[in-house]
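Trainee: Dropping a prediction and its sequence here:
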Protein chains: 2
Amino acid sequence: MNFCMIEEKTKLFKSLSDSNRLRILKMLQVKPLCVCEITDVLQLATSTVSRHLSILRETGFIIEEKDGKWVNYMINSHPVDPRISSIISTLDFWIADQKIINEDKSKVIKVDRHFVCSK
Amino acid sequence: MNFCMIEEKTKLFKSLSDSNRLRILKMLQVKPLCVCEITDVLQLATSTVSRHLSILRETGFIIEEKDGKWVNYMINSHPVDPRISSIISTLDFWIADQKIINEDKSKVIKVDRHFVCSK
DNA sequence: AATTCATTTCGTTAACTAACGAAATATATA
DNA sequence: TATATATTTCGTTAGTTAACGAAATGAATT
């Protein structure tokens, strides 16, 4: 596999080409979250959220940390790709805090995995 | 149409999600080009190139200037969206000069619309 | 050991995107 | 005015992506 291919360079932008993934990144700015917490805010199927998270993880935007039966996802503080570093460190510039984002963030602050999961 | 919608924010990244569009941007760094010159380098159908150009134009990355029967496309020096300004002013950071890009640029330097068009 | 819960993977479907050629449009030239 | 050239728009097709639910996996609790 040739990682210098131009197709490889589009992956970063492809990851940011979905509004639900942008919302996830902004939510993770507030605090690390597990899949079911994100699912609760976005109101999508768990499998869909899991897929979005794996795309963001593969590109290097986020990392995962297993915690018992939960998997916590968080912003990657030390990405290999300097372009990712740049975007993460100025995320508010790239993804403005519009209405839906602020609503998501409010929900994130209140969300508790012990209540939202297993419903 | 609500331009504050989150979907609207993904458009910038969507335009950069195609390798042919990345190549076009890098080619336009060298000099303004008409559709048939770009077509000659990318080896795609004219209609396909035209479509890529209109996507880049709609997002604000490039502008067009009519010149007789030709339409010259060039990098937009004064984009409205500061994110576009940022990407354009540091384009080499976002899209590295890998092999294919350098080959494209060499072709761009040599290309002459009076020879490549009408074939 | 069996059950429960969180997550991932898989298979399917609907929507979107990029490609092409053909037809339409626009401009210059004969 | 007719023709040639450059480009755009349209219609179609193939490939990709995002959504879902069901099934599989993995870890904690009973």
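Mentor: Cool, the structure landed. Note that this is a predicted model, so its numbers are computed, not measured.
Trainee: of all the residues in chain A, which ones are close to chain B?
Mentor: Residues of chain A lying close to chain B by Cβ under 8 Å from any Cβ of the partner chain are A:4-7, A:9-10, A:13-14, A:16-19, A:22-23, A:82-83, A:86, A:93-96, A:98-101. (Each C-beta comes from the backbone N, C-alpha and C, glycine too.)
Trainee: Which of these fall in helices?
Mentor: Counting by DSSP state H, the residues of chain A next to chain B place A:6-7, A:9-10, A:13-14, A:19, A:22-23, A:82-83, A:86, A:93-94, A:99-101 in helices.
Trainee: of the residues you listed, buried ones?
Mentor: A:6, A:9-10, A:13-14, A:19, A:22-23, A:83, A:86, A:94, A:100-101 (16 or more other Cβ atoms under 10 Å in any protein chain shown).
Trainee: From those residues, list the ones also adjacent to DNA strand D.
Mentor: A:Lys14 (Cβ under 7 Å from any atom of the strand).
Trainee: Of the buried ones among the ones in helices among the residues of chain A next to chain B, which is the nearest to B:Arg51?
Mentor: B:Arg51 has its nearest neighbour among these in A:Thr10, at 16.8 Å by Cβ to Cβ.
Trainee: For that closest one, list the residues it contacts.
Mentor: B:Leu16, B:Ser17, B:Asp18, B:Ser19, B:Leu22 (Cβ atoms under 8 Å, 6 or more residues apart in numbering or on different chains).
Trainee: Specify which member of those is nearest to DNA strand D.
Mentor: Each of the contacts of A:Thr10 was scored against DNA strand D by Cβ to the nearest atom of the strand, and B:Ser17 proved nearest at 7.7 Å.
Trainee: list the contacts for that closest one?
Mentor: By Cβ under 8 Å, 6+ apart, the residues touching B:Ser17 are A:Thr10, A:Phe13, A:Lys14, A:Ser17.
Trainee: give me phi/psi at it?
Mentor: Per-residue torsions, B:Ser17: phi -90, psi 10 (degrees, to the nearest 10).
Trainee: ok, then the element right after the longest helix along chain A?
Mentor: Secondary structure of chain A per DSSP H: the longest helix is helix A:46-59. Counting by DSSP states H and E, the element after helix A:46-59 in chain order, helix or strand, is strand A:62-67.
Trainee: Name the residues that touch that next one?
Mentor: Identification of contacts with strand A:62-67 by Cβ under 8 Å, 6+ apart yields A:24-25, A:28, A:32, A:34, A:53, A:56-57, A:71-76.
Trainee: Among those residues, the buried ones, what's the PyMOL command?
Mentor: If you want just the buried ones from the contacts of strand A:62-67 in PyMOL, going by 16+ other Cβ under 10 Å, the selection is:
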select buried, chain A and resi 24+25+28+32+34+53+56+72+73+75+76
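Trainee: tell me the pLDDT at A:Phe93?
Mentor: Here, the pLDDT recorded for A:Phe93 equals 98.
Trainee: model confidence over stretch A:103-111, on average?
Mentor: 97.
Trainee: how about it: buried residues?
Mentor: Judged by neighbour count using 16+ other Cβ under 10 Å, the buried positions of stretch A:103-111 are A:Asp104, A:Lys105, A:Lys107, A:Val108, A:Val111.
Trainee: Alright, I will stop here.
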